[in-house]
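1. predicted structure and sequence below. I'll ask about it afterward.
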Amino acid sequence: MDDLAKAIKEKYQQTLDSIASAARSVSRDSDTVKLVVVTKTQPLEIVQAVVQAGAKILGENYPEEGVMKIQSLGFQSGVEWHQIGHVQSRKAKLIAEHFNFLHSLDSLKLAQKINHFATELNRSLPVLLEFNVGAELSKSGWDAAREEQWQDLFIEIDAVLDLPHLQVRGLMCMPPLDVDVEASRFYFQKLVRLRDVFAKRFSQKNTANWDELSMGTSADYEVAIQEGSTLVRVGTKIVGARQYNK
Ligand SMILES: *Cc1c(COP(=O)(O)O)cnc(C)c1O
């Protein structure tokens, strides 16, 4: 193993250890937290090193870049590929065709497009619904900043739940970037409450379940785990700074 692969393996292991201790700190079983290693903008050699280190789930933001990586090493590696960033409608087919899981479903229109292509491909895609719990205009996700207005979301979410080739598995959020870890905790708690509202409201829809919560990045995954995250999305802490010019 070369130095790069060794360094990544060490950081990957450290991250798994800190995930386990964050889980222990709130008496959770560490098996209930899955680590998504975010490899967006990273070259193939880094992705390969991550797989060699033992990563089971890789997260990508840009569909074309993800597809290139999936085709280069996805089939032999036995890893799951998760799309975690905003998806433009015209990229819906790439998601339906190539990815194993979508964290960032953020509109009914996108849901319908992905469902359409998934139907053609005879696939069923597990998805999370993304919510903007922090009232930031720049963020994607259904607007869920004001709890008094959560019920206004029911009609659209109901329509998403009725799409036969999507399987809703839970919720995802990205807290505002400039806040500290304790402020992130507040947003994670809010997403958990929103999940509980949906689970109750849609308890009759037995094709959906609400078990997964995708919350936490390099900056705040330990706090996210304390608040119930089941999927943490960790990039820079394991693979270093993003490489936008490659
Ligand atoms: C890039 C990205 C991450 C990873 O962030 P790091 O700070 O590198 O851990 C997680 N989630 C989403 C949606 C991202 O776009």
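-> On my side now, so go ahead.

2. mind checking the longest helix of the protein?
-> Longest helix of the chain, by residue count under DSSP state H: helix 3-25.

3. what helices or strands is that helix leaning on?
-> Helix 3-25 sits against strand 34-38, helix 44-53, helix 221-226, helix 236-239, with contacts defined as 3 or more Cβ pairs under 8 Å, 6 or more residues apart in numbering; DSSP states H and E. The C-beta positions use only the backbone N, C-alpha and C, and glycine is treated the same way.

4. I'd guessed Val36 sits against Glu60; true?
-> No: Val36 lies out of contact with Glu60 (Cβ atoms under 8 Å); the separation is 9.8 Å.

5. any idea which helix or strand comes after the lowest-mean-pLDDT helix or strand in the chain?
-> Here the helix or strand of the chain ranked lowest by mean pLDDT, DSSP states H and E is helix 75-77, holding a mean of 72. Sequence order places strand 80-83 as the next helix or strand after helix 75-77, per DSSP states H and E.

6. is the ligand contacted by that next one?
-> No: applying Cβ under 6 Å from any ligand atom, one finds strand 80-83 separated from the ligand by no less than 9.6 Å.

7. can you name the next helix or strand after that strand?
-> helix 92-98.

8. show me how far that next one is from its chain's centre.
-> Relative to its parent chain, helix 92-98 has a centroid offset of 16 Å by Cα atoms, centre = their mean, to the nearest Å.

9. tell me the centre residue of this protein?
-> The centre of the chain sits closest to His103, judged by Cα atoms, centre = their mean, with a distance of 3.7 Å.

10. got the CA coordinates for the helix or strand hosting that residue in CSV?
-> His103 is part of strand 101-105 when elements are defined by DSSP H and E. Coordinates of each C-alpha in strand 101-105 appear next as CSV, following Å, rounded to 0.1, in the frame of the first residue of the first chain:
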residue,chain,number,x,y,z
PHE,A,101,-29.4,5.7,-3.0
LEU,A,102,-30.4,9.4,-3.2
HIS,A,103,-30.0,11.5,-0.1
SER,A,104,-31.1,14.8,-1.7
LEU,A,105,-34.6,14.4,-3.1
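
11. hang on, the earlier thing: distance of the residue nearest to the centre of the chain relative to Val38?
-> From His103 across to Val38, the span is 11 Å (Cβ to Cβ, to the nearest Å).
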